[in-house]
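# dropping a prediction and its sequence here:
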Amino acid sequence: MRIAAFDEGKIGVVAGDETVVDITDLVEDFEPLGPDDVLPDLITHFGQLEPELERRAAAGGGVPLGEARLQSPLTRPSKIICLMGNYREGTDRPLQILDLFFKSPEAIAGPGGTVVLPPHQAAIFHHEGEIAVVIGREAKDLSPEEAMDAVFGYVAFNDISARGLGREGINSFLGKSFDTFALFGPWIVTKDEIPDPQTLHVTVDVNGERRQDYSTSDMERPIPELLTYISSVTTLRPGDVICCGTNHQGLGSVQDGDVVTTSVSGIGSFDVTVQDEHERAWARGVDREAGARVIAAAQHPVAGAAGGSGA
């Protein structure tokens, strides 16, 4: 099942590849604290609601996808947890230390949205296409065997990143959490539709030019291990999202006027545009130096610590 947010504050199920059927009324019965709590309420009561969701999707009707204004299916998760790196970058490099960072929920944007580059003097702004995991229940101290039971579904994610802000060589909250820098779309696909999330294909195109192009099979620490470790640190709540990191081979700049398309097989794709009132420009195409720095930093962690593009 695919869960979408559309128009102004509506939530729906995608029927076939043609329409989105409004189900907001079903969730409102659970008296959410506010419009931003609709998705967690849907997730929490999904088992109870699923038969009616399937019935409505099968009944047809709804808004044609071409006419619906899709939005980020995530609006105000309590946590956006992102992995630093977490891909082998196509090498047999040593296993890296697992490290994380938070991204602000204020940064969320979605399909058809605009990435607004701030005036801060970043060295460059990069795209980072990823798969993200949406949490389905409260979870703390998950065992490896039960980790996947805590998953509700998956969504495509693009972690827009400003390089060179804050301390040298550290991609901190400062470079990751500008408004519009957390792109989610086009909808959430429930986990039953993706039997193996470690075999998906992630791509990012900019103005029709292929940049990132990799498989989640290259993930250094697979999703069950991530869930086990992260839940040992913090309690996960329904609607929280874990962004599984990116393969940096294929990073490139985003700049004024660009159209960025993020795709994950089995999930879908969505477009955003980029706006920069200062009309700054960087080299087009793949930033191969950034990718090389990531590999070098992993192989020589002390010498490469100031490399810059680690997340």
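Perfect, thanks for sending it. Residues are numbered from 1 along each chain as shown.
# isn't Gly291 up against Gly252?
No: the criterion here is C-beta atoms under 8 Å, and Gly291 misses it with Gly252 at 9.8 Å. Heads up, the C-betas are built off the backbone N, CA and C, glycines and all.
# what's near enough to touch Leu174?
The neighbourhood of Leu174, defined by C-beta atoms under 8 Å, 6 or more residues apart in numbering, consists of 162, 165-166.
# same thing but at 6 Å, please
Contacts here follow C-beta atoms under 6 Å, 6 or more residues apart in numbering; on that basis Leu174 touches 165-166.
# was I right to think Ser172 contacts Leu165?
No: Ser172 is beyond contact range of Leu165, at 7.4 Å (criterion: C-beta atoms under 6 Å).
# looking at the two, which is more packed in?
Between Ser172 and Leu165, Leu165 has the larger neighbour count (other C-beta atoms under 10 Å), namely 19 against 12.
# show the pLDDT at that one.
According to the prediction, Leu165 has pLDDT 89.
# would you agree it falls within a strand?
No: looking at Leu165 with DSSP: H, G, I helix; E, B strand; the rest coil, it is coil, so not inside a strand.
# can you pull the contacts of it?
122, 174-175.
# from those, which land in strands?
Using DSSP state E, no member of the contacts of Leu165 falls in strands.
# let's have those residues in JSON lines, adding distance to Gln48.
Output for these, formatted as JSON lines (distance: C-beta to C-beta, whole Å):
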{"residue": "Ala122", "distance to Gln48": "46"}
{"residue": "Leu174", "distance to Gln48": "42"}
{"residue": "Gly175", "distance to Gln48": "41"}
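# which one of those residues sits closest to Phe46?
Gly175 (34.9 Å; C-beta to C-beta).
# run a quick neighbour tally on the closest one.
For Gly175, using other C-beta under 10 Å, the count is 24.
# once you drop chain neighbours, what's closest to it?
Nearest-residue entry for Gly175: Ala162, 4.1 Å, with adjacent residues in sequence omitted and distances by C-beta to C-beta, 6 or more residues apart in numbering.
# looking at that neighbour now. What's its pLDDT?
96.
# what's across from it in the sheet?
Counting by DSSP bridges, Ala162 is bridged to Phe125.
# would you confirm that it contacts Ala122?
Yes: taking contacts as C-beta under 6 Å, Ala162 lies within contact range of Ala122: 3.8 Å.
# the two: which is more packed in?
Ala162 (22 against 19).
# so who does that one touch?
122, 125, 175.
# what count of nearby residues applies to the second one?
A count of nearby residues for Phe125, using other C-beta under 10 Å, gives 26.
# okay, it: pLDDT?
Per-residue pLDDT puts Phe125 at 97.
# that one against Gly252, yeah?
No: in this structure Phe125 lies outside contact range of Gly252 using C-beta under 6 Å: 9.9 Å.
# closest to Lys10 among the contacts of Ala162?
Phe125 (31.4 Å).
# ok, back up a step: measure the residue nearest to Gly175 to Ala123 for me?
Distance of Ala162 to Ala123, computed by C-beta to C-beta, to the nearest Å: 8 Å.
# before we move on, back to that, make a markdown table out of the contacts of Leu165 and add distance to Ile3 and pLDDT.
Converted to a markdown table, those look like this (distance: C-beta to C-beta, whole Å; pLDDT from 0 to 100):
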| residue | distance to Ile3 | pLDDT |
| --- | --- | --- |
| Ala122 | 34 | 94 |
| Leu174 | 32 | 87 |
| Gly175 | 30 | 92 |
